[in-house]
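A.B. asks: heads up, no residue letters with this:
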């Protein structure tokens, strides 16, 4: 069955659309991410229908955070042929994220989510079923794009939104391994996206393929029932994960295990937090940028830890992401 528009004209499949895949533009890219961008509606007054429109999607947030810290980033995804898709493209242009490999899917909409705030923190409601990003296919990754980068970044959300998106992430990992490009993987478990048994199996395989694994204690507790950071770390190593593990402890800070030195804990920073949306993504992107810039792991984690804390002092996932001068000033004052 052929889809048609409101005038009765046949709508072509996304793969037949002429899109610009400017591989030359990606020749000096530090990070390529594969994932799902979203439009954000963030409640600014608890209990009232007042919302600020912004942008989200964990991998998009991370690429913007990395770009603000000075890294050269690129994104592989799909957006809908709608105003929100255009807004995301404009956002990436402004933020310096290469979107030349973002496809427009005329048969699906750009996904969105709503953040509501209350006495127990923030709650998310997603409007993403059948979204353009969930229709990603391995063929959406042009040959050679990942091989030009210094690392690949993906997450559990990237894999949980659909079977085809999951296949796309694994295909990207395979390309990265073939080219000798390090793979960074953030667990970012969202139980509402998929059955826990499938999530556990997929994330276990993904973490084994990662050179850098970024889990959180809440993710790992949901996956394996452990809540002690050292026990979680021991379990991860027992599964054959040999790369660097950076375990996000929420309000308790960060635990770094390079696999070479003794694990090191970084205390959280106390700030006037109003919205924690995207803080973990800011952490990941900032960490990526600083490691690529040449920082050693403790220095990079310390920087990312502060950047993530500062990102909670404003509303939304993207707008409050700090820039280097702000982060360094906060570190100096800490």
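C.D. replies: All right, it came through fine. Note that the structure is predicted; figures quoted are calculated from it, not measured.
A.B. asks: tell me which residues of stretch 196-211 are tucked away?
C.D. replies: Neighbour counts over stretch 196-211 (16 or more other CB atoms under 10 Å) mark 199, 202, 203, 206, 207, 209, 210, 211 as buried. For the C-beta atoms, the positions are set from N, CA and C on the backbone; glycine is no exception.
A.B. asks: can you tell me which of the residues you listed are in helices?
C.D. replies: The helices, defined by DSSP state H, take in 199, 202, 203, 206, 207, 209 from the buried residues of stretch 196-211.
A.B. asks: got these as a markdown table, with pLDDT columns?
C.D. replies: As requested, these are arranged in a markdown table below (pLDDT from 0 to 100):
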| residue | pLDDT |
| --- | --- |
| 199 | 97 |
| 202 | 98 |
| 203 | 98 |
| 206 | 98 |
| 207 | 98 |
| 209 | 97 |
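A.B. asks: mind telling me what element the spatially most central residue of the chain is part of?
C.D. replies: The centre of the chain sits closest to residue 59, judged by CA atoms, centre = their mean, with a distance of 2.2 Å. Per DSSP states H and E: residue 59 is located in helix 58-68.
A.B. asks: re earlier: now the closest residue to the residue nearest to the centre of the chain other than its chain neighbours: how far from residue 323?
C.D. replies: Excluding its sequence neighbours, the residue lying closest to residue 59 (CB to CB, 6 or more residues apart in numbering) is residue 35, at 2.8 Å. To residue 323, residue 35 is 23 Å away according to CB to CB, to the nearest Å.
A.B. asks: and if you look at residue 274?
C.D. replies: Separation of residue 274 from residue 323 (CB to CB) stands at 19 Å.
A.B. asks: quick one: the strands in the stretch 101-250 of the chain, in order.
C.D. replies: 112-118, 121-127, 151-155, 183-186, 212-214, 244-248 (DSSP state E, counting those that start in this stretch).
A.B. asks: and the angle from the first one to strand 121-127?
C.D. replies: In this case it means strand 112-118. Orientation check (axes from the mean of the first three to the mean of the last three CA atoms, to 10 degrees): strand 112-118 against strand 121-127 gives 160 degrees.
A.B. asks: now residue 200. Nearest residue, chain neighbours left out?
C.D. replies: residue 223 is the one closest to residue 200 (CB to CB, 6+ apart), at 5.3 Å.
A.B. asks: low pLDDT regions in the chain?
C.D. replies: Low-confidence regions of the chain, defined by pLDDT under 70, span residues 1-27.
A.B. asks: not counting its neighbours along the chain, what's nearest residue 162?
C.D. replies: residue 134 (4.1 Å).
A.B. asks: distance check, that neighbour against residue 291.
C.D. replies: Shown here: residue 134 relative to residue 291, a distance of 30 Å by CB to CB.
A.B. asks: more neighbours: the two, which one.
C.D. replies: Using other CB atoms under 10 Å, the more surrounded residue of residue 134 and residue 291 is residue 291, with 24 against 20.
A.B. asks: in the biggest helix by length in the chain, what counts as buried?
C.D. replies: Scanning the chain for the longest helix, with DSSP H as the assignment, gives helix 163-179. Neighbour-count burial for helix 163-179 flags 165, 166, 168, 169, 170, 171, 172, 173, 175, 176 (criterion: 16+ other CB under 10 Å).
A.B. asks: same thing with stretch 126-145?
C.D. replies: For stretch 126-145, a neighbour-count test (16+ other CB under 10 Å) marks 126, 128, 131, 132, 133, 134, 135, 136, 137, 140, 141, 145 as buried.
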